[in-house]
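[1] Let me see the structure of the following:
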Amino acid sequence: MSKFMKMLNNISRSQAVYRHNKISASDMNAGQYAFALAICREPGRSQEEIARELCLNKSTVARNLNCLEENGYITRTPLPNDKRQFSVYPTDKMLSLLPEIKQASLEWMALLSEGIPQEELDIFDSVLERMQARAREIIQKQEENK
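    I've put the predicted structure just below:
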């Protein structure tokens, strides 16, 4: 288990490189595809909600969203009750790229899991889901205790 986090990190980074090599958008960096998926999954979410979903700090999210906005992938509108917070929406440019991002992700998972029996993948998914939920609980408690 001591190498577990390093292996997951390497797999995640490899996926980012794979997707970047497969996708035609040259003005997006490898880390921004996760933003695209999160934004398109639920348009209108706040930057804070996106940060929570992606487990990133607010400044990293703001920087990436600035870049996506400058390149025409998103629009942001201030929340009515808090002008410092923004709702994030995909533009047609991002929506047109979404099928390519999803296809590259599906290809990656097929290549990565090739030769592994489905029952083992199901068990692995279950364990990872529980670990993810636990990780989020731990971070939430830390933030509440600040």
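
[2] and the lowest-mean-pLDDT helix or strand in the chain, what does it pack onto?
    Across the helices and strands of the chain, the lowest-confidence element by mean pLDDT, DSSP states H and E is strand 82-90, at a mean of 87. With contacts defined as 3 or more C-beta pairs under 8 Å, 6 or more residues apart in numbering; DSSP states H and E, the packing partners of strand 82-90 are helix 32-41, helix 47-54, strand 74-79. (C-beta placed from N, C-alpha, C; glycine too.)

[3] Can you mark which positions in the shortest one are buried?
    So the one you mean is strand 74-79. For strand 74-79, the neighbour count (16 or more other C-beta atoms under 10 Å) marks 74, 76 as buried.

[4] What of stretch 62-81?
    Neighbour-count burial for stretch 62-81 [16+ other C-beta under 10 Å]: 64, 65, 67, 68, 71, 73, 74, 76.

[5] Give me the neighbour count for the nearest residue in space to the last one that is not next to it in sequence.
    When you say that, I think you mean residue 76. Spatial nearest neighbour of residue 76, excluding adjacent residues (C-beta to C-beta, 6 or more residues apart in numbering): residue 86 at 3.9 Å. By the criterion of other C-beta atoms under 10 Å, residue 86 has 21 neighbours.

[6] What separation is there between residue 86 and residue 38?
    The gap separating residue 86 from residue 38 is 14 Å, by C-beta to C-beta, to the nearest Å.

[7] Then residue 24?
    20 Å.

[8] Tell me the gap between the helix or strand residue 99 falls within and the middle of its chain.
    Under the criterion of DSSP states H and E, residue 99 resides in helix 92-113. Taking C-alpha atoms, centre = their mean, to the nearest Å, one finds helix 92-113 lying 12 Å from the centre of the chain it belongs to.

[9] And stretch 21-31, by the same measure?
    Centre-to-centre, stretch 21-31 and its host chain are 14 Å apart (C-alpha atoms, centre = their mean).

[10] What's the end-to-end length of it?
    With C-alpha to C-alpha, to the nearest Å applied, stretch 21-31 spans 12 Å between its terminal residues.

[11] quick one: contacts of that stretch?
    If you take C-beta atoms under 8 Å, 6 or more residues apart in numbering as the criterion, stretch 21-31 is touched by 16-17, 19-20, 33, 36, 64, 67-68, 71, 73, 97, 100-101, 103-104, 107.
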